[in-house]
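J.: Quick one: sequence and predicted model below, then my questions.
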Amino acid sequence: MPPARSSHRGRLTDAPVLAVAVTWGSSYLATKSITGPSTVVATLLLRFLMATAVLGLLRLRAVRRLTAAEVRGGVLIGLILACVFLLETYGVVHTSATNAGLIISLTMVMTPLAEAALRRTPPTASFVMAAAGSVLGVLLLTQGGGFTTPSVGDLLMLLAALARTANVLTTHRLPSLKNADDGALTFVQLSTAVICFAALSTGVGTSPLRVAATLEAGQWLALLYLAVLCTLFAFFVQLWAVRRAGPSRVSLLLGTEPLWAAVIGVVLGGDQPGALGYAGAALILFGTAWGRRAAETPRQPAEAADAAAPVREGAVAQ
């Protein structure tokens, strides 16, 4: 694909991906209203079950057209997705907001480094500097609570960041996923996560039925918001964008999640991040914009050929 066309396609995916980052940033308020340490798995099961049911009604015919290889690929990324949510949710419960926001934002740096290692070509210095600047911005943005002594929760958040990186890289590079319908593949991915959460809920925490019985009307609305926008919409867009714009660019944009969480906290919660917090927000915006431009830099012929290899393999597999 000509560099100009690839760059244009990358820009077209930015707005939906940023919308996902905003919804994820807003999800903290909704999650806090319905989730406690003993209800993590049950709440995740209810959330994903609602999203899967809606998507199943919309894309049932497309799901039936999936090949066995596409289903296996969807199950694989679904397993990774379940790991991401379990690690991230339990991590947030057992560490500070500062630690959680900073550690999960490391995905912005991990993804381009991992992608470069798989391609056996170094990432551009500009992109790495932009991603590192964004992570520094997250540190400044979340500094109000202070960075606490590393804990088990921090380890879980680090594993969640690694799992996020694995998720976007696998989605981008797995040959069997290249031509699959986005909605149908998202259904398989979410269904796999539902099965994982259902299996865990039999022996971990409060039962889903008991949690569902205690939710009030406002909490059901919060759960619906988490299911439809923060799960169904978010993972459909992420899958769609990763297969078109590439893992590094998508991870950089999704890494702005702590920024939007802070914005929503200021607007709706009356939070005051202070001078350093506002400086961190500006640094995130600058680093993200810089990284997007760096990602549009045309590749060398050998690098472009290497990046195109999975596509050619996928064509043969189909």
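T.: Sure thing, it's come through.
J.: where does this structure have low pLDDT?
T.: Residue ranges of the chain with pLDDT under 70: 1-11, 96-99, 102, 142-150, 269-273, 295-318.
J.: Counting neighbours, show which residues of the helix or strand hosting G153 come out buried.
T.: If you go by DSSP states H and E, G153 is part of helix 152-173. By 16 or more other C-beta atoms under 10 Å, the buried positions in helix 152-173 come out as 153-154, 156-173. From N, CA and C alone the C-beta is placed, and that goes for glycine too.
J.: what's near enough to touch L81?
T.: Residues near L81 by C-beta atoms under 8 Å, 6 or more residues apart in numbering: N167, Q189, L190, T192, A193, F235.
J.: thinking again about what came up before, tell me which other helices or strands the helix holding G153 touches.
T.: The elements that helix 152-173 packs onto, with contact taken as 3 or more C-beta pairs under 8 Å, 6 or more residues apart in numbering; DSSP states H and E, are helix 68-93, helix 97-104, helix 107-119, helix 234-245, helix 247-254.
J.: Most tightly packed of those?
T.: Mean neighbour count, computed with mean count of other C-beta atoms under 10 Å, is highest for helix 247-254 among those, reaching a mean of 27.
J.: Relative to the whole chain's centre, how far out is that one?
T.: Put simply, helix 247-254 sits 9 Å off its chain's centre (C-alpha atoms, centre = their mean, to the nearest Å).
J.: Which elements pack onto that helix?
T.: In terms of contacts (3+ C-beta pairs under 8 Å, 6+ apart), helix 247-254 is packed against helix 3-32, helix 107-119, helix 125-141, helix 152-173, helix 234-245, helix 274-295.
J.: Distance to G205 added to these, as JSON lines?
T.: As requested, those are arranged in JSON lines below (distance: least, C-beta to C-beta, whole Å):
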{"stretch": "helix 3-32", "distance to G205": "15"}
{"stretch": "helix 107-119", "distance to G205": "27"}
{"stretch": "helix 125-141", "distance to G205": "30"}
{"stretch": "helix 152-173", "distance to G205": "16"}
{"stretch": "helix 234-245", "distance to G205": "23"}
{"stretch": "helix 274-295", "distance to G205": "34"}
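J.: Please report the number of neighbouring residues for A213.
T.: A213 is flanked by 8 other residues according to other C-beta atoms under 10 Å.
J.: on that earlier part again, of the helices and strands packed on helix 247-254, which approaches L60 most closely?
T.: helix 234-245 (15.3 Å; C-beta to C-beta).
J.: which residues make contact with the closest one from outside it?
T.: If you take C-beta under 8 Å, 6+ apart as the criterion, helix 234-245 is touched by 9-10, 13-14, 16-17, 19-20, 23-24, 55, 77, 81, 168, 171-172, 177-178, 182-183, 185-186, 189-190, 250, 254.
J.: Now distance to G265 too, for the contacts of L81, in CSV please.
T.: Below are these laid out as CSV (distance: C-beta to C-beta, whole Å):
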residue, distance to G265
N167, 26
Q189, 30
L190, 28
T192, 33
A193, 28
F235, 24
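J.: from these, which single one is nearest L200?
T.: Relative to L200, and with distances defined as C-beta to C-beta, the nearest of the contacts of L81 is A193, at 10.7 Å.
J.: Spatially nearest residue to the closest one, not counting backbone neighbours?
T.: The shortest distance from A193 to any non-neighbouring residue, by C-beta to C-beta, 6 or more residues apart in numbering, is to A82 (4.2 Å).
J.: cool, L76 as well?
T.: T170 (6.5 Å).
J.: Kindly report the same for A166.
T.: Nearest residue to A166 in three dimensions, chain neighbours excluded: I80, at 5.6 Å (C-beta to C-beta, 6+ apart).
J.: Quickly note the distance from the one you found to A212.
T.: Using C-beta to C-beta, to the nearest Å, we find I80 at a distance of 27 Å from A212.
J.: Next one: the spatially closest residue to C230 that is not a sequence neighbour relative to A227, how far apart?
T.: Spatially, and ignoring its direct neighbours in sequence, C230 is nearest to S27 (4.4 Å; C-beta to C-beta, 6+ apart). To A227, S27 is 11 Å away according to C-beta to C-beta.
J.: With F233 instead?
T.: When distance is defined by C-beta to C-beta, F233 is 10 Å away from A227.
J.: And for A130?
T.: Going from A130 to A227 by C-beta to C-beta gives 33 Å.
J.: Over to Q238?
T.: Taken as C-beta to C-beta, the span from Q238 to A227 is 16 Å.
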